[in-house]
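Participant: Compute the structure for the input listed below.
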Amino acid sequence: MPKQQFAGGDGHARYLDTRAFASLDGLRALSILAVVWFHTTNHIPAWPALRRGFLGVDLFFIISGFLIVTLLLRERRDAGTISLRHFYVRRSLRIFPAYWAMLLLVACAAYLKPGAESAALKRDLPYALFYISNLVPMTSLLAITWSLSAEEQFYLAVPTLQKYLPRFFPRIFLPMLYLLAILPPFGVFGDIRMPAFFRQTTFGPILLGVMLAHVLDNARGWKIVARLLGNPFSPLVALLLVGLALSYSGADISGWPRLAIQMALLVLLAACVVRERHVLVPVLTLWPLARIGVVSYGIYLYHLLVYSPVSKVLDRFGVSSKYALFVAVAACTWLAAEVSYRLFERRFLALKKRFLPERSAADASMHR
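Facilitator: Numbering: from 1, shown residues only. Next up, the predicted model:
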């Protein structure tokens, strides 16, 4: 389509009418595969970008903040208000069943098999259960629940602020929250004791996604972003920018390096959603990537549970390659996540339709 037409009001109306962004599942897949890569390859020394798979969580956070607030803004526009009750029911149906199932499996393993690892699991279980594992040191495989705790805390705060402070929140409170979130890694608070994850800009990426949602929801903001990133090749340029930012050679990426990486990831997301047709769509919508994106939550929950038995099987067959371990863990975890999704989680997800805003009830794909 002509660039002028794309950059105008018709383009924004088309964006607001988009019920499911085609690239999001593919981006989710890349983020979760990066995390699995990080946990299976033991940070293989090579190109610095290949040692930073943990930043897949940052991308997932940006997507989550963007998508959740986009849905809330559209609900307000369509229904005239935001139903917090319906929002929390939807989130509970999506998050709690698989999460509590995972915790139940871990608890059974911890209490049936004595040892130091089981003792660590028993200690960490209450923190994971009540979503405060990002506030305390975690020493077991449940340490990965820090990100789920951060998301849950985000769900408790931001939708409420969005509902009751619709003008004050995005214009004043949101920038202030983001500033507070990114300051700890720069040593601004000195020797003040705080959880380690707060020193790694835990909430910064989520709030970046929230800000992007507000910018694109506004016609003027969308027009500016469309002019900057509306070219079909912009997502590819943004992806190269992400690779460049990840290539920072320093061992410590706290502060400006990580902030630059997060900004590059934000640009990538913005370029992928500001227009549906772009150069990366054929890749991001490939069935394997799209499907992994759909069950990415389960893959994140289960991949460390799968890691140990898969590793032992490969050791028994004399396979020592970390790359083989990554492929095996990723494949087996995908299978476990599919089983969980199809036989268990989908039963709860079907109930979400009862609590969707009226306009969204016909297409619930954005509410995953």
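Participant: if I look at Leu246, how far off is Thr202?
Facilitator: With distances taken as Cβ to Cβ, to the nearest Å, Leu246 is found 19 Å from Thr202. C-beta coordinates here come from the backbone N, C-alpha and C atoms, glycine included.
Participant: Show me which residues of the biggest helix by length in the chain are buried.
Facilitator: For the chain, the helix that runs over the most residues, judged by DSSP state H, is helix 84-112. Using 16 or more other Cβ atoms under 10 Å as the test for burial, helix 84-112 gives 86-87, 90-91, 93-95, 97-99, 101-103, 106-107, 110.
Participant: Mind giving me the packing neighbours of the helix or strand following that helix?
Facilitator: Moving toward the C-terminus from helix 84-112, the next helix or strand (DSSP states H and E) is helix 116-129. Packing partners of helix 116-129 (3 or more Cβ pairs under 8 Å, 6 or more residues apart in numbering; DSSP states H and E): helix 84-112, helix 146-164.
Participant: Name the surrounding residues that touch helix 116-129.
Facilitator: 103, 106-107, 109-111, 133, 135-136, 138-143, 145, 148-149 (Cβ atoms under 8 Å, 6 or more residues apart in numbering).
Participant: The closest residue in space to Gly221 that isn't next to it in sequence - how many residues pack around it?
Facilitator: Excluding the flanking residues, the one nearest Gly221 by Cβ to Cβ, 6 or more residues apart in numbering is Val215, at 3.7 Å. For Val215, the neighbour count with other Cβ atoms under 10 Å is 17.
Participant: Verify the stated contact: Val215 with Trp222.
Facilitator: Yes: counting by Cβ atoms under 8 Å, Val215 touches Trp222, with 7.2 Å between them.
Participant: mind checking which of the helices and strands packed on helix 116-129 is nearest Ser308?
Facilitator: Counting by Cβ to Cβ, Ser308 lies closest to helix 84-112 out of the helices and strands packed on helix 116-129; the figure is 10.0 Å.
Participant: Which elements pack onto the closest one?
Facilitator: Against helix 84-112 (3+ Cβ pairs under 8 Å, 6+ apart) you get helix 116-129, helix 146-164, helix 296-316, helix 346-349.
Participant: Which among the ones you listed is found nearest to Arg227?
Facilitator: Of all these, helix 146-164 comes closest under Cβ to Cβ, at 26.9 Å.
Participant: how far is that closest one from where the chain is centred?
Facilitator: 13 Å (Cα atoms, centre = their mean, to the nearest Å).
Participant: Report pLDDT for the spatially closest residue to Ile182 that is not a sequence neighbour.
Facilitator: In this structure, Ile182 finds its nearest non-sequential neighbour in Gly204, 4.7 Å apart by Cβ to Cβ, 6+ apart. Looking at Gly204, its pLDDT reads 93.
Participant: So for Phe61, which of the helices and strands packed on helix 84-112 sits nearest?
Facilitator: Closest among the helices and strands packed on helix 84-112, using Cβ to Cβ: helix 146-164, at 7.5 Å.
Participant: the bottom helix or strand of the protein by mean pLDDT?
Facilitator: helix 3-7 (a mean of 46; mean pLDDT, DSSP states H and E).
Participant: Which strands and helices lie in contact with the helix or strand just after that helix?
Facilitator: Using DSSP H and E, the helix or strand that follows helix 3-7 in sequence is helix 9-16. On a contact count with 3+ Cβ pairs under 8 Å, 6+ apart, helix 9-16 meets helix 219-229.
Participant: Glu151 against Ile62, yeah?
Facilitator: No: Glu151 lies out of contact with Ile62 (Cβ under 8 Å); the separation is 12.0 Å.
Participant: any common contacting residues for the two?
Facilitator: Ile206.
Participant: Which of the two has more residues huddled nearby?
Facilitator: Ile62 (28 against 22).
Participant: Name the SS class of the more buried one, please.
Facilitator: helix (DSSP: H, G, I helix; E, B strand; the rest coil).
Participant: pLDDT at the residue lying closest to it once chain neighbours are set aside, what is it?
Facilitator: Excluding its sequence neighbours, the residue lying closest to Ile62 (Cβ to Cβ, 6+ apart) is Gly209, at 4.2 Å. Looking at Gly209, its pLDDT reads 98.
Participant: now Gly209, what's its secondary structure?
Facilitator: Gly209 is classified as helix under three-state DSSP.
Participant: mind checking pLDDT for Arg199?
Facilitator: 62.
Participant: same check, this time on Pro2
Facilitator: At Pro2, the pLDDT recorded in the model is 41.
Participant: sorry, back to before: out of the buried residues of helix 84-112, which comes closest to Ser234?
Facilitator: Within the set of the buried residues of helix 84-112, Arg94 lies nearest Ser234; the separation is 30.8 Å, counting by Cβ to Cβ.
Participant: And the closest residue to Glu151 other than its chain neighbours, how far from Ala150?
Facilitator: Once flanking residues are discounted, Glu151 sits nearest to Ser64: 6.2 Å by Cβ to Cβ, 6+ apart. According to Cβ to Cβ, Ser64 and Ala150 sit 10 Å apart.
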